[in-house]
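S.K.: Provided below are the primary sequence and the corresponding predicted coordinates.
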Amino acid sequence: MKHTLYIIISIFFLSFNISTYTNDSYIKQTPLSESIERGAIVYNDFCIQCHLGKGEGLKDTFPPLAKSDWLSKDRFKEAIKVVKYGQKGLITVNGKNYNGVMANLELYDDEVADVMNYIMNNWGNTQKEMITEAMVKEIQP
């Protein structure tokens with residue numbers, strides 16, 4: 001009797017668990033959310049040293065990425081160019097001048113797209129238009 005009860009309870013829980021884990025119960029990711037996830041890895045590998053963990057930058061040295069007016073939709077091609085090729089010289093971010101160098105990190109085009117999607121959708125930045133590898137390929141020095 002004890003074994004029969006155990007088997008019935010096991011079958012009940014197994015059937016319950018199987019039915020609750022259908023494809024509908026998983027959160028489906030969009031291409032943008034997948035790119036942002038990959039971009040977080042690239043950011044942590046290459047960008048965090050200068051722009052810090054919350055994109056706040058380093059006062060008077062490295063510009064902030066958080067709530068950055070420089071990353072506006074009007075300039076996102078320029079921002080892609082900087083991530084793709086590096087940057088040297090004066091830029092103004094949130095009303096403050098920065099005159100430094102960002103090295104060419106030699107990222108692949110897909111990595112540039114992913115890290116741009118991550119940056120453009122974090123720390124107060126919002127841009128729902130996904131930056132694609134094809135868009136990055138179009139950007140020339």
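M.R.: Structure received.
S.K.: so what pLDDT did residue 127 get?
M.R.: Residue 127 carries a pLDDT value of 87.
S.K.: Which of the three states applies to it?
M.R.: Assigned by DSSP: H, G, I helix; E, B strand; the rest coil, the conformation of residue 127 is coil.
S.K.: contact partners of the helix or strand where residue 111 lies?
M.R.: Using DSSP states H and E, residue 111 sits within helix 109-119. When contacts are defined by Cβ atoms under 8 Å, 6 or more residues apart in numbering, helix 109-119 is touched by residues 32, 35-36, 38-40, 42-43, 46-47, 55, 65, 71, 76, 79-80, 83-84, 107, 125, 130-133, 135-137. In this view, the C-beta of every residue, glycine as well, is placed from N, C-alpha and C.
S.K.: how about the helix or strand just after it: buried residues?
M.R.: Moving toward the C-terminus from helix 109-119, the next helix or strand (DSSP H and E) is helix 133-138. Using 16 or more other Cβ atoms under 10 Å as the burial criterion, the residues of helix 133-138 that qualify are 135-136.
S.K.: Now helix 133-138 - C-alpha only, CSV.
M.R.: Extracted C-alpha coordinates of helix 133-138, given in CSV (Å, rounded to 0.1, in the frame of the first residue of the first chain):
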residue,chain,number,x,y,z
GLU,A,133,26.0,44.0,-37.4
ALA,A,134,25.1,45.2,-40.9
MET,A,135,24.7,48.8,-39.6
VAL,A,136,28.2,48.5,-38.0
LYS,A,137,29.7,47.2,-41.2
GLU,A,138,28.5,50.4,-43.0
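S.K.: other SSEs contacting that helix?
M.R.: Here helix 133-138 touches helix 76-85, helix 109-119, going by 3 or more Cβ pairs under 8 Å, 6 or more residues apart in numbering; DSSP states H and E.
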